[in-house]
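Chemist: Provide a 3D model corresponding to the input given below.
(one chain, ligands or ions: 4)
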Amino acid sequence: EPMQSYEIRRRFLEFFGERGHRFYPSSSLIPYNDPTVLLTTAGMQQFITFFTGEDKPPSPRATSAQKCFRTQDIEEVGDRHHLTFFEMMGNFSFGDYFKKEAVDYAWEFLTAELGLAPERLWITIFEGDEDAPEDLEAKRFWMDVGVPEEKIFGLPKSENWWGPPGDSGPCGPCSEIYYDYGEEYGLGDPSQDPKYGPGGDEGDPRFLEIWNLVFNQYEQRKDGTLVPLAKTGVDTGMGLERTTAVVQGVRYVYDTDLYAPAFEKIKEFAGVSVGDSDATDRALRIVADHTRGMAFLIADGVRPGNQRREYVLRRMIRRATLQAYSRLGLGPEQLAAVAETVVDYMGDFYGELREAREDIRRIVTDEAARFVEIFESGKELLESELSRLDGGNFPGDVAFTLHDTYGFPVEVTREVLAERGVSLDEAGYEAAMDAQRSRAREAARGYDRAVAAFGGQEIHSRFVGYEREQIETRIVALED
Ligand code: ATP
Ligand code: MG
Ligand code: MG
Ligand code: MG
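Modeler: Ligands and ions are numbered 1, 2, ... in the order given. Just a heads-up that it's a prediction; the model follows:
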C-alpha cells in the first residue's frame, strides 16, 4: 500500500524536527498579522516579521504544515493540481542555513524519505536579469546532489523571484522542484525547446511543480538597487496534495487518499464515481475540493455572507451546491454529510474540525438549502422566458439576471437552451456583464479609499506580494 497523506505530513515534520526545526502549528486561514490580507495563502505568512527583522524568532529554524486557501485558483479547480484549499509543508531558516542545506534537505526528503526516483526530479532556478545574476549557486548545489545540468531550467523574475514585501525589504531568487510523469505526457522535447520543460502555470503537462524554495538573499533599497543581505534566509513550500499524488503514482490530486472518503460518501448517496463521465468527474472534483475548503473555513470561524471572507465561503458553498444538486443529485443534507467526511478524515491533525462538526453540518445544510431555493426559482424564470420566446435568441439581459440574481451560471443556461434548440444572445449577455464590471470597479475604488482611511495604506505598501492577490480576490468576488 502506498504511503498515505497523513504519513507524508508526519514524516515531513519529523524529518525537519530531527534537523533542529521548531514545529509551529498551522496558523488560522484568517491571517492574524495583516488585516489587508483576505486569507492565508502560504506557510511563510505567519513568519513574515521574522524575515523582515521586525521580530526575533524564538528559534532560527522552523517547520509547519500550513492550511492555505487561494481564491485566485478557484477557476482552475478540477484541473489535475490546483485546489482552493491545500496544505503547504514548509521549512524555514531565519538567518541560519541557506541554499546548500535547503537543497540538500529537500533532495534527501524526496528521494531517501519518500523514495521518489531521483531521475524523475527536474529543477528550475532564477535565470538572471539586469538587477541580479543567474542563481548559479543553487544550480551548483543541485548538480552536487546529482541532478544533471540538462534537467535544470532558468526561469525569469515573474516565475522565480520573491518579494520584496513592499517597495523595499528582503527578496531573492526561488528554485522549484518538479516531478516528471514521463515523456508520454509531454508535448515536445525540453532539450530542443525550454517551453516543453518544467515551469510556471504554462509548463508542460508532463511536469508537476511540487516544491518551491525561496532564498532571501538581497535587501531591495527604495531606489530599486539590490544589496546582499547580511542575514540570509530560507522559506519553502511543498504542496502536500501534489506530493501525495506523486508518491501514490496518480495524475490528479483528487485520486489520492485525501478525497477518497468524500467520493465514497457521494457514491453511497448518488451512485456516481470518478470515471463515469467528464461532466460528473468535474462536478465530483469541485465538490471534493470545495467541501474541504468550506469545512476548514467554518472551523476557523468564517460564516457565509456578502463581504470578503464571508463571501468566499458563500461562493464555495454555492458552487459546490450547484454541482452537487444539478449534476450529482445530492441535496443540502447530503452535501453537508460530504463536508463531514473531511472532519472524520482530517480531524486528528486539525482538531478545530472536530470542534466545529455541528457548525459545519448546520451552516452547509442551511446555506445550500437557501441556494437550492434561489436556483429553483431561477429555473422557473428561465422556463417562463423560454415559453414566451417566439423564435430568435434568448435575451442576454435575462441570462445576466439569472446569473447575477439567481446564481444561475451562464453555462447552465446555455446547456438548458441547447437542449431546446435555442441560442443565447451572447452580445447582449456580454453587454450586461460589462456594465456590471464597471460598477464593481467603482465599488473596489471605494474599498481602497476606505482602507486608506483607517490607516491600512502603510500595511498595504509593506506587503505588495499578497496585496496583488487580494485585489484579484476582491475583484473576483465583486464580479461573481
Ligand atoms: P502553480 O505554479 O502550480 O500555480 P505556485 O507556483 O503558484 O504553483 P507556490 O506559490 O510556489 O505555488 O506554492 C508552493 C507550493 O504549494 C507549490 O509548489 C505547490 O506544491 C503548492 N500549491 C500552490 N498552489 C496550489 C494550489 N492551488 N493547489 C494545490 N497546491 C498548490
Ligand atoms: Mg509555479
Ligand atoms: Mg499558482
Ligand atoms: Mg511556485
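
Chemist: Number of residues surrounding the residue lying closest to Asp180 once chain neighbours are set aside?
Modeler: Nearest residue to Asp180, sequence neighbours excluded (CB to CB, 6 or more residues apart in numbering): Arg120, at 4.9 Å. (Each C-beta comes from the backbone N, C-alpha and C, glycine too.) Neighbour count of Arg120, defined by other CB atoms under 10 Å: 16.

Chemist: Likewise for the one 5 residues further on?
Modeler: Number of residues near Ile125 (other CB under 10 Å) recorded here: 25.

Chemist: Quick one: name whatever helix or strand follows the helix or strand where it lies.
Modeler: Using DSSP states H and E, Ile125 falls within strand 121-126. Counting by DSSP H and E, the element after strand 121-126 in chain order, helix or strand, is helix 136-145.

Chemist: re earlier: report the angle between the strand holding Ile125 and helix 136-145.
Modeler: 160 degrees (axes from the mean of the first three to the mean of the last three CA atoms, to 10 degrees).

Chemist: Just the C-alphas of strand 121-126, formatted as PDB.
Modeler: C-alpha atoms of strand 121-126 as PDB (Å, rounded to 0.1, in the frame of the first residue of the first chain):
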ATOM      1  CA  LEU A 121      13.000  15.200 -10.400                       C
ATOM      2  CA  TRP A 122      13.600  18.300 -12.500                       C
ATOM      3  CA  ILE A 123      14.700  21.800 -11.200                       C
ATOM      4  CA  THR A 124      14.100  25.400 -12.100                       C
ATOM      5  CA  ILE A 125      16.300  28.300 -10.900                       C
ATOM      6  CA  PHE A 126      16.300  32.100 -11.400                       C
END
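
Chemist: Which secondary structure elements does that strand sit against?
Modeler: For strand 121-126, the packing partners by 3 or more CB pairs under 8 Å, 6 or more residues apart in numbering; DSSP states H and E come out as helix 136-145, strand 152-155, helix 157-160, strand 169-180.

Chemist: how close does the residue of the stretch 101-250 of the chain found nearest ligand 1 sit to Tyr178?
Modeler: Ligand 1 sits closest to Gly239 of the stretch 101-250 of the chain, with a gap of 2.3 Å, by CB to the nearest ligand atom. Using CB to CB, to the nearest Å, we find Gly239 at a distance of 12 Å from Tyr178.

Chemist: just to revisit the earlier point, now the residue of the stretch 101-250 of the chain closest to ligand 1. Its backbone dihedrals?
Modeler: phi -70, psi 120 (degrees, to the nearest 10).

Chemist: Pairing partners for it in the sheet, please.
Modeler: Counting by DSSP bridges, Gly239 is bridged to Met88.

Chemist: Same check on Ser93?
Modeler: What pairs with Ser93, by the bridge criterion (DSSP bridges), is Arg61, Val234.

Chemist: Check what pLDDT it gets.
Modeler: At Ser93, the model reports a pLDDT of 98.

Chemist: what number of residues lie near it?
Modeler: 27.

Chemist: Let me see the contact set for it.
Modeler: The neighbourhood of Ser93, defined by CB atoms under 8 Å, 6 or more residues apart in numbering, consists of 60-61, 101-102, 233-234.

Chemist: need the residues of this protein near ligand 1, please.
Modeler: Selection of the chain residues close to ligand 1 by CB under 6 Å from any ligand atom yields 70, 73, 82-83, 86, 88, 201, 209-212, 237, 239, 241-242.

Chemist: Next, count neighbours for the residue of the stretch 101-250 of the chain closest to ligand 1.
Modeler: Neighbour tally, Gly239, other CB under 10 Å: 23.

Chemist: Which residues are in contact with it?
Modeler: 81, 86-89, 209-211.

Chemist: Now stretch 1-11: buried residues?
Modeler: Of the residues in stretch 1-11, 3-6, 8-9 count as buried by neighbour count, 16 or more other CB atoms under 10 Å.

Chemist: quick check: mean pLDDT across that stretch?
Modeler: 96.

Chemist: which residues sit against that stretch?
Modeler: Contacts of stretch 1-11 (CB under 8 Å, 6+ apart): 65, 87, 89, 109, 113-114, 240-241, 243-244, 247-249, 256-258, 348-349.

Chemist: can we see that at 10 Å?
Modeler: With contact meaning CB atoms under 10 Å, 6 or more residues apart in numbering, stretch 1-11 is reached by 65, 87, 89, 109, 113-115, 238, 240-241, 243-250, 256-260, 345-346, 348-349.

Chemist: List only buried entries from these.
Modeler: 65, 87, 89, 109, 114, 238, 240-241, 243-248, 256-260, 345-346, 349.

Chemist: Mind listing the strands the strand holding Ile125 pairs with, and their directions?
Modeler: strand 152-155 (parallel), strand 169-180 (antiparallel).

Chemist: what's the average pLDDT for it?
Modeler: In the prediction, strand 121-126 has an average pLDDT of 98.

Chemist: Give me the subset of the buried ones among the contacts of stretch 1-11 lying in helices.
Modeler: Residues from the buried ones among the contacts of stretch 1-11 lying in helices, with DSSP state H as the criterion: 240-241, 243-247, 260, 345-346.

Chemist: out of those, who's nearest Arg439?
Modeler: Glu241 (36.9 Å; CB to CB).

Chemist: Surely the closest one and Ala65 touch.
Modeler: No: Glu241 is beyond contact range of Ala65, at 11.8 Å (criterion: CB atoms under 10 Å).

Chemist: Now for those two: what residues contact both?
Modeler: Counting by CB under 10 Å, 6+ apart, the residues touching both Glu241 and Ala65 are 87-88.

Chemist: for this structure, longest helix please?
Modeler: Longest helix in the chain, counting by DSSP H: helix 357-388.

Chemist: Run through the neighbouring helices and strands of that helix.
Modeler: Contact partners of helix 357-388 among helices and strands, from 3 or more CB pairs under 10 Å, 6 or more residues apart in numbering; DSSP states H and E: helix 278-299, helix 308-322, helix 332-346, helix 396-406, helix 410-419.

Chemist: Out of the ones you listed, which gets nearest to Lys265?
Modeler: Of these, the one closest to Lys265 (CB to CB) turns out to be helix 332-346, at 5.0 Å.
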